[in-house]
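K.L.:
This is a predicted model, with the sequence first.
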Amino acid sequence: MSEMYTPKPENKFTFGLWTVGNVGRDPFGEPTRDPLSPVEIVHLLAEVGAWGVNFHDNDLVPIDATPAQRDKIVIDFQKALNDTGIVVPMATTNLFTDPAFRDGAFTTNDPKVRAYALHKTMYAIDLGVELGAKTYVFWGGREGTETDAGKSPLDAGKWFREALNFLTEYVLDNGYDLKFALEAKPNEPRGDIYLATTGAMLGFIETLDHPEMVGVNPEVAHETMAGLNFLHHVAQAWDRGKLFHIDLNDQSIGRYDQDFRFGAVNLKSAFFLVKFLEDVGYDGSRHFDAHAYRSSDLADVKAFARGCMRTYLILKEKAAQFNADGEIQSLLAEILADDGSMDDFKGHYSPAKAAALKAHAFDRPALGRRGQPYERLDQLTVELLLGVR
Ligand code: DIG
Ligand code: MN
Ligand code: MN
C-alpha cells in the first residue's frame, strides 16, 4: 500500500474500545467475533497506526468490578498505553446498557436513578482524567421516550441541565483539565431522544451555568439518520467555537444507526466534511465511532480500521487538490464575484445606511438573470474525486 496514506500521530486518528472491539452482536444475532481485551485492542490500534483510544467506563472496568480489580485493570491498560504510545484523548460514561437506565439516566422520572447516574459519571470522569482524557463525551442514548404521556420534556431538559451543571462544578472543584462534548442523536435506542440534533445541543449549551466548558461531539451517522446535512451542523458548531470533538463514520439516510466505515456510503459528503475540517484547521481528534460489518473476521476488522484512516487521508489530499485546481478556483472566483457596488450597505446598521438602502433602485429582473455554474463546479468536484483530474 502507498506510504502516502499511512496514518501518523499528527493525524490524531482515534477509535473507541467499543469500535474495533465490537463482537458483531446485533438485535437479530449473536456475536460473530471473539471479544478482545482492552489491552489487546490498544495493541491492535497501535498495529494499524491509530494515535489514540477512547472508552466508556465499562468498556474498560466492568460495572461490578471491585476497587482492587479496577486498579489492576487500569495498571494493565496504562502499561499497554506506555508500551505502544497510544494516548487517551476522550472518555465517556456508559449510561445506556444497564437496566437501571431503562428510562434514561439524567432525564429519567426516577430521582434515585438520576442520582446514581451522577454517582457513576463522577467515577467515570475520575477514570478518564486518570488516563489522560481532556474531552468528556455525553451521549444520552436512553434520554428519551417511546410515549410522551409519562414524561414532560420540560422536566427532562431541567434534569439534564441540573446534571451537567453539577458535573461541570465537579470538574472545577477537582481542578480537572476537562471539557464536555454533547453528542446528539435523533432516536435509537429510544423511540425519540431528547436534543436530537447538534443544533439543539448548541442551543441547550447556552442555558448551562458554565457554557464555556461545554461543546458538541457531532456524529456523521446521527444527523444523517435524520436526513440532515452533517456538514452544516459541524459548520454551525465550529462557528460557535463548540466543535470540541467529532465522531466520523458513515450512514445511509433513513436507516438505523449503521456506524459504517468512514466514507463507505457517501464519498462526496465525506469529502466536503474533510475539506471543511482541514480548511478551518480543526485540531481535535478524528474519532472513528464506527465498526466493521458483522460478517467481518478479525483481519477484516483491521482492514476496516485502516480503511477509515486511509479514506480520511485520501480525501485530505483531494481537498488540497481542490484548493489548488485552477479551473475550480476560477469558477469559485466567478461565483463569489463582488463589484463592490453594495459595499455602502454592508456591516452594522445605521439609520443613514437603512435610508440609503431603502432609496436604492434595484434592477430585479437583472438580479434574476444571473445564474450560478454549480453544475460545472460540482462535475469538476466529482471528476476530481473519481481521479480523472
Ligand atoms: C454512540 O454514537 C456514542 C457512544 O458510543 C459514545 O458515548 C459516544 C462517543 O463517541 N458515541
Ligand atoms: Mn452512531
Ligand atoms: Mn458516537
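P.N.:
Right, received. Where do you want to start? Residues are numbered from 1 along each chain as shown. Ligands and ions are numbered 1, 2, ... in the order given.
K.L.:
and the helix ranked longest in the chain, anywhere near ligand 1?
P.N.:
Counting residues, the longest helix found in the chain (DSSP state H) is helix 298-324. No. Against ligand 1, helix 298-324 shows no contacts by Cβ under 6 Å from any ligand atom, the least distance being 13.6 Å. For the C-beta atoms, the positions are set from N, CA and C on the backbone; glycine is no exception.
K.L.:
who touches the next helix or strand after that helix?
P.N.:
Using DSSP states H and E, the helix or strand that follows helix 298-324 in sequence is helix 326-335. With Cβ atoms under 8 Å, 6 or more residues apart in numbering as the contact definition, helix 326-335 has outside contacts at 322-323, 372-374, 376-377, 380-381, 384.
K.L.:
Contact residues of this structure facing ligand 2?
P.N.:
Counting by Cβ under 5 Å from the ion, the residues of the chain lying close to ligand 2 are 221, 257, 259.
K.L.:
Run the chain-centre distance for stretch 100-111.
P.N.:
Centre-to-centre, stretch 100-111 and its host chain are 24 Å apart (Cα atoms, centre = their mean, to the nearest Å).
K.L.:
does that stretch come close to ligand 1?
P.N.:
No. On the criterion Cβ under 6 Å from any ligand atom, stretch 100-111 is out of touch with ligand 1, staying 11.5 Å away.
K.L.:
Any buried residues in that stretch, and which?
P.N.:
For stretch 100-111, burial by neighbour count (16 or more other Cβ atoms under 10 Å) applies to 100-101, 103-108.
K.L.:
Which single residue of the stretch 101-250 of the chain approaches ligand 2 most closely?
P.N.:
Proximity of the stretch 101-250 of the chain to ligand 2 (Cβ to the ion) peaks at residue 221, 4.3 Å away.
K.L.:
how close does that residue sit to ligand 3?
P.N.:
8 Å (Cβ to the ion, to the nearest Å).
K.L.:
Show me which residues of the stretch 1-150 of the chain sit near ligand 3.
P.N.:
For the stretch 1-150 of the chain, no residue is in contact with ligand 3 (Cβ under 5 Å from the ion).
K.L.:
should've said the stretch 151-300 of the chain
P.N.:
Residues of the stretch 151-300 of the chain found near ligand 3, taking Cβ under 5 Å from the ion as the criterion, are 219, 247, 289.
K.L.:
mind putting these in JSON lines, secondary structure and pLDDT included?
P.N.:
Formatted as JSON lines, these follow (DSSP: H, G, I helix; E, B strand; the rest coil; pLDDT from 0 to 100):
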{"residue": "219", "secondary structure": "strand", "pLDDT": "98"}
{"residue": "247", "secondary structure": "strand", "pLDDT": "99"}
{"residue": "289", "secondary structure": "coil", "pLDDT": "98"}
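K.L.:
between those residues, which is nearest residue 45?
P.N.:
Among those, residue 289 lies closest to residue 45 (Cβ to Cβ), at 13.9 Å.
K.L.:
just checking, residue 224 is part of a helix?
P.N.:
Yes. Residue state for residue 224 (DSSP: H, G, I helix; E, B strand; the rest coil) corresponds to a helix.
K.L.:
What is the neighbour count of the nearest residue to it once chain neighbours are set aside?
P.N.:
Excluding the flanking residues, the one nearest residue 224 by Cβ to Cβ, 6 or more residues apart in numbering is residue 251, at 4.1 Å. If you count neighbours by other Cβ atoms under 10 Å, residue 251 ends up with 24.
K.L.:
Could you do the one 5 residues further on as well?
P.N.:
Burial of residue 256, expressed as a neighbour count using other Cβ under 10 Å, amounts to 14.
K.L.:
so where does it fall, helix or strand?
P.N.:
Applying DSSP H and E, one finds residue 256 in no helix or strand.
K.L.:
Please state the backbone phi and psi of it?
P.N.:
Residue 256 adopts backbone torsions of phi -60, psi 170, taken as degrees, to the nearest 10.
K.L.:
Strands along this structure, start to end?
P.N.:
Under the criterion DSSP state E, strands of the chain are mapped to 13-16, 52-56, 90-92, 135-139, 144-145, 179-183, 192-193, 214-216, 247-248, 286-288.
K.L.:
Turn the ones you listed into a markdown table, including mean neighbour count and distance to residue 37.
P.N.:
Below are the strands of the chain laid out as a markdown table (neighbours: other Cβ atoms under 10 Å; distance: least, Cβ to Cβ, whole Å):
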| stretch | mean neighbour count | distance to residue 37 |
| --- | --- | --- |
| strand 13-16 | 26 | 15 |
| strand 52-56 | 26 | 12 |
| strand 90-92 | 27 | 18 |
| strand 135-139 | 24 | 22 |
| strand 144-145 | 22 | 32 |
| strand 179-183 | 23 | 26 |
| strand 192-193 | 18 | 31 |
| strand 214-216 | 26 | 31 |
| strand 247-248 | 28 | 24 |
| strand 286-288 | 27 | 20 |
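K.L.:
Tell me the residues of the stretch 1-150 of the chain that contact ligand 1?
P.N.:
Neighbours of ligand 1 within the stretch 1-150 of the chain, by Cβ under 6 Å from any ligand atom: 16, 92, 137, 139.
K.L.:
Beta-bridge partners for the last one, please?
P.N.:
Following DSSP bridges, residue 139 is listed with bridge partners residue 183.
K.L.:
Identify the residues contacting it.
P.N.:
Here residue 139 is in contact with 92, 96, 183, 185, 217 (Cβ under 8 Å, 6+ apart).
K.L.:
Show me where the stretch 1-150 of the chain has its helices.
P.N.:
Along the stretch 1-150 of the chain, the stretches classed as helices by DSSP state H, counting those that start in this stretch are 17-20, 38-48, 57-60, 67-84, 111-130.
K.L.:
Deepest in the core, which of those is it.
P.N.:
helix 17-20 (a mean of 23; mean count of other Cβ atoms under 10 Å).
K.L.:
which strands and helices sit next to that one?
P.N.:
helix 38-48, strand 52-56, helix 57-60, helix 298-324 (3 or more Cβ pairs under 8 Å, 6 or more residues apart in numbering; DSSP states H and E).
K.L.:
at 10 Å what do you get?
P.N.:
Contacts defined by 3 or more Cβ pairs under 10 Å, 6 or more residues apart in numbering; DSSP states H and E place helix 17-20 against helix 38-48, strand 52-56, helix 57-60, strand 286-288, helix 298-324.
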